[in-house]
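**Q** What would the 3D arrangement of this be:
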Amino acid sequence: VEVLPEYPDPYVQLMEVVEKPDVRYSDIGGLEEQIREIREVVELPLKNPELYRRYGIKPPKGVLLYGPPGCGKTLLAKAVAKESGVNFIAVRGPEVLSKWVGESEKAIRQIFRRARMVAPAVVFFDEIDSIAGIRGSDPSGVIDRIVNQLLTELDGIQPLRRVVVIAATNRPDLLDPALLRPGRFDKLIYVPPPDYKARLEIFKVHTKKLPLSEDVNLEELARRTEGYTGADIAAICKEAAMLALREVYSRSGSLQVTKVEMRHFLEALNKIPPSLSRTDIEMYDKLAKEVKKAGTSGGFRRLPTTFT
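**A** Next up is the predicted model:
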C-alpha cells in the first residue's frame, strides 16, 4: 500500500513567501543580547550542524520571539536567515485559517513540507497567537486542530532536519501552553522596548544615510524618546527628513538635498507620540517573567492583565 503524494496547494503558496532577506544584524540597533541568543540557537546549527552531532545533542527546533510591537522581532528573524544564508519562508498567520474543514491544518502541513524541500530554511510565523491560541477557546475547533498539527510537525515522527521555526507574538499569554514546552519552542527570547542605549543605536542606524546638520544631538533625542519603539524612532527619522524636504521645496520649488536639523527632529517628536506608556512597559516586563517560568516548568497561566 502506497501513500498518495501530496502536491503543493496553490492556496498554501499564496500565504507563504520563500525569499532571501536583505536585512543584516547591522541594520538592527540595540538588540545585541537578543542577536547573540538567536545566533547561537539558529545560525550556529544551520551553518555548522556537525558541531551539534559531535556533542550528541539536537539543535533547537523552534524559537519564540515575544515583546511589544515594533521592537524588531520580524527584523531579527529576517536577519538571522540572511546571515545564515538559508531560505526564509514567511507565513501570513491569519491567512492560514479557512472556513473549510481540514484546510487549515493541511496548510500547516504543506508549509512544513515545503520547508523540508528547500532546507536549510527558516520558517517564520508572524502573529502566531492568531492561529495557535489555547485549545478549547475556539468553539469551531479550528484552532485546536491547527495547534495539534503544529505540535505534530515540531515534535512528531517526521524530523525537522536543518529547518528552524521562528514565531513572533506580542501576546504570548494567548498561546497554547503545549507549544512552550521543550522540544517545541525550545528558546523563548524577549525583545524588550529599547532603553536609552538601544534608542541611541537605533537613531544611529536610521540616520546614517541622512544629511544631518551639525546641531543634531542624537544623545538628546534618545533621552527624549522614552516609550518609543524601534518602529517609532524609524518614523521620527523619516518624518524629520520629510519636513526638511518639504521646507526647501516650499521655499525654492526645487527638490535639492538639504540638511536635516535638530528642529526638524523636535517637530517630528511632537507629531509622533510614543507607542508605549510606562504601564505598558511594566506589563510586558511582568509578562516576560511569566513566560520565562513557562519555559522552565512546562506550564503557563494567563496573566490577569488587560492590553490596550
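
**Q** three-state assignment of Ser98?
**A** coil (DSSP: H, G, I helix; E, B strand; the rest coil).

**Q** how close does the residue nearest to it when sequence neighbours are not counted get to Ser277?
**A** Of all residues not flanking Ser98 in the chain, Ser104 sits nearest, at 4.9 Å (Cβ to Cβ, 6 or more residues apart in numbering). For glycine as for every other residue, the C-beta is placed from the backbone atoms N, C-alpha and C. Per Cβ to Cβ, to the nearest Å, Ser104 is found 36 Å from Ser277.

**Q** again, but for Gln158
**A** 45 Å.

**Q** now Arg39
**A** To Ser277, Arg39 is 32 Å away according to Cβ to Cβ.

**Q** and these two? which has more neighbours close in?
**A** Comparing Arg39 with Ser277 by other Cβ atoms under 10 Å, the one with more neighbours is Arg39, at 16 against 12.

**Q** neighbours around Met242, how many?
**A** A count of nearby residues for Met242, using other Cβ under 10 Å, gives 13.

**Q** buried sites along the host helix or strand of it?
**A** Using DSSP states H and E, Met242 sits within helix 230-252. Within helix 230-252, the residues scored as buried using 16 or more other Cβ atoms under 10 Å are 230-237, 239-241, 243-245.

**Q** Now the element after it, going C-ward?
**A** Immediately after helix 230-252, counting by DSSP H and E, sits helix 262-271.

**Q** in that next one, what counts as buried?
**A** Met262, His264, Phe265, Glu267, Ala268, Leu269.

**Q** wouldn't the last one be in contact with Arg223 here?
**A** Which is Leu269. No. At 11.4 Å, Leu269 and Arg223 do not qualify as touching, with contact defined as Cβ atoms under 8 Å.

**Q** roughly how far apart are Glu32 and Val41?
**A** The spacing between Glu32 and Val41, counted by Cβ to Cβ, is 16 Å.

**Q** what about the spatially closest residue to Val291 that is not a sequence neighbour, how many residues close to it?
**A** Nearest residue to Val291, sequence neighbours excluded (Cβ to Cβ, 6+ apart): Pro172, at 5.0 Å. Neighbour count for Pro172, taken as other Cβ under 10 Å: 28.

**Q** This completes my enquiry, with thanks.
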